[in-house]
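K.L.:
Give me the fold of what follows.
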Amino acid sequence: MNQEIMDNVTVVPAIAEQPEDTLHPVIFFLMWFNVLLTGGFNLITIIAYLSSKEIRNNPGNIYILNLAFADAKVGLISLPFFNLWWHYGIWTYGEILCKFWIVVDYTAVTQSMVAIIIISWDRLWMVSQINTYMKNQTTRLAILLIVSTWTLWYVYYICIVAFGEQAAPEYHIDYSNDCDLHINYLLNYTIYEIVALYLVPLLIIACINLRIYVLVRRRLAAGRSEIALKNRKAAITLAILVAAYFICWTPYHIVLLMETIQEGSVPYPVVAFVEYLLWLNSTVNPFVYVCTNPLFRKQLRKMFCCRRMSWHKSSYWNESPERSTQKSQSGSSQLGSQTNKQIIASSEM
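P.N.:
Got it, this is the predicted structure:
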């Protein structure tokens, strides 16, 4: 019996994983740096929206706020728990916290995908029917759509967690060292998830953005260059989002299918990598918006880059009465063109 115990102890991969341990601190640091990027930058996007009346005046920008909120939850909840789980090698937080984490994580990731669909639809509506869009797209409509989708997915995943064990009673999860969904072990559900929550959204996003591209090409051919140029930038932004979605989501669902068909067929480092790659989509999204949306870029410059400059500028005008007069005289002409600039800027991501 003692010999058997000793044999089992020698199987524990303490020495076998020694080469990997040399990279462990580096990987662990990068994982927490990604938490800082994902959570921090999405929070900055939220603050930029809330602090800028110019951004809030465009109802379509609330969909960007929605995406940033979903991605911030990934950065502040999904990633930290996974980082600690990966670091210690076991789940140490018990069943209740596991189920809470799963509901929040799955809902946030799914809502991030839904947000991209909604943003794509919003831009298609704007590009194809600008007059109808400006008349009917309201903040109330946007909030109603956002609240409805969040409620739908929270209810859906709460039901999955609550009744998943009854759907797959033959699978046992030891919550003292593991955290998973029972239903993930069912091939039928895995196929449903791949089709309904990956392939169909990918097809919808691709079709919508292809339609946007066609409309932009037509406007360029018709010589409506100013508006078409703005719409072309929006189309490029959405194309980047589609590419990021495809790159981040595809490996995860391939591995998910392989693991469901034969558990253990994919090495754990690969499984962990594709899971993390899925979350990286939430890291990429805010960078896409900041790099391409002029209103968000402008607000971020005001928040971080231009505070000292604006202080010196205000001091300069206070010291020069003549220049203060010139500034007040030019204010009326700037106000007259402000509305037009907001409408033009709304066609960019």
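
K.L.:
what ranges of the stretch 201-349 of the chain fall below the confidence cut-off?
P.N.:
223-235, 237-238, 289-291, 306-349 (pLDDT under 70).

K.L.:
what about the helices in it?
P.N.:
Taking DSSP state H, counting those that start in this stretch, the helices of the stretch 201-349 of the chain run over residues 225-261, 268-292, 294-300, 307-319, 321-345.

K.L.:
Then the stretch 1-150 of the chain?
P.N.:
2-11, 18-21, 24-51, 53-56, 62-73, 79-88, 94-128, 130-136, 139-167.

K.L.:
quick one: W86 and A272 touch, right?
P.N.:
Yes - the pair W86 / A272 is scored as a contact, 6.2 Å apart, by C-beta atoms under 8 Å. Yep, even glycine has a C-beta here, placed from its N, CA and C like the rest.

K.L.:
who touches the residue nearest to T107 when sequence neighbours are not counted in this structure?
P.N.:
Spatial nearest neighbour of T107, excluding adjacent residues (C-beta to C-beta, 6 or more residues apart in numbering): W153 at 4.7 Å. W153 makes contact with 106-107, 110-111, 114, according to C-beta atoms under 8 Å, 6 or more residues apart in numbering.

K.L.:
one more time with 7 Å, if that's ok
P.N.:
107, 110-111 (C-beta atoms under 7 Å, 6 or more residues apart in numbering).

K.L.:
Closest one to Y198 out of these, please.
P.N.:
For the contacts of W153, the minimum distance to Y198 (C-beta to C-beta) is 10.4 Å, reached by T110.

K.L.:
Let's see the pLDDT reported for the closest residue to the closest one other than its chain neighbours.
P.N.:
Excluding the flanking residues, the one nearest T110 by C-beta to C-beta, 6+ apart is W153, at 5.1 Å. pLDDT recorded at W153 is 96.

K.L.:
returning to that earlier point: ok, the contacts of W153 vs P80, which is closest?
P.N.:
Comparing the contacts of W153 against P80 with C-beta to C-beta places T107 closest, at 16.5 Å.

K.L.:
What's the separation between the spatially closest residue to D105 that is not a sequence neighbour and A167?
P.N.:
Leaving aside its sequence neighbours, D105 sits nearest to S78 (C-beta to C-beta, 6+ apart; 4.2 Å). Using C-beta to C-beta, to the nearest Å, we find S78 at a distance of 24 Å from A167.

K.L.:
Also N281?
P.N.:
Here the criterion is C-beta to C-beta. By it, N281 lies 28 Å from A167.

K.L.:
higher neighbour count, these two?
P.N.:
The neighbour comparison of N281 against A167 (other C-beta atoms under 10 Å) goes to N281, with 23 against 15.

K.L.:
could you list every residue that touches the most centrally placed residue in the chain?
P.N.:
In the chain, the residue lying closest to the centroid (C-alpha atoms, centre = their mean) is S282, at 3.3 Å. Counting by C-beta under 7 Å, 6+ apart, S282 makes contact with 38, 71, 74-75, 112.

K.L.:
make it 8 Å
P.N.:
Neighbour list for S282: 38, 42, 70-71, 74-75, 108-109, 112 [criterion: C-beta under 8 Å, 6+ apart].

K.L.:
For ChimeraX, write a command that selects the buried ones of these.
P.N.:
Typed into ChimeraX, the line below selects the buried ones among the contacts of S282, using 16 or more other C-beta atoms under 10 Å:
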select :38,42,70,71,74,75,108,109,112
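
K.L.:
that older thread, tell me the most buried of the helices of the stretch 1-150 of the chain?
P.N.:
helix 62-73 (a mean of 24; mean count of other C-beta atoms under 10 Å).

K.L.:
which helices and strands does that helix pack with?
P.N.:
When contacts are defined as 3 or more C-beta pairs under 8 Å, 6 or more residues apart in numbering; DSSP states H and E, helix 62-73 sits against helix 24-51, helix 94-128, helix 139-167, helix 268-292.

K.L.:
Quick one, which of the ones you listed gets closest to T190.
P.N.:
helix 139-167 (12.4 Å).

K.L.:
Show residues contacting the next helix or strand along the chain from that closest one.
P.N.:
For helix 139-167, the following helix or strand on the C-terminal side (DSSP states H and E) is helix 187-194. If you take C-beta under 8 Å, 6+ apart as the criterion, helix 187-194 is touched by 167, 183-184, 253, 256-257, 260-261.
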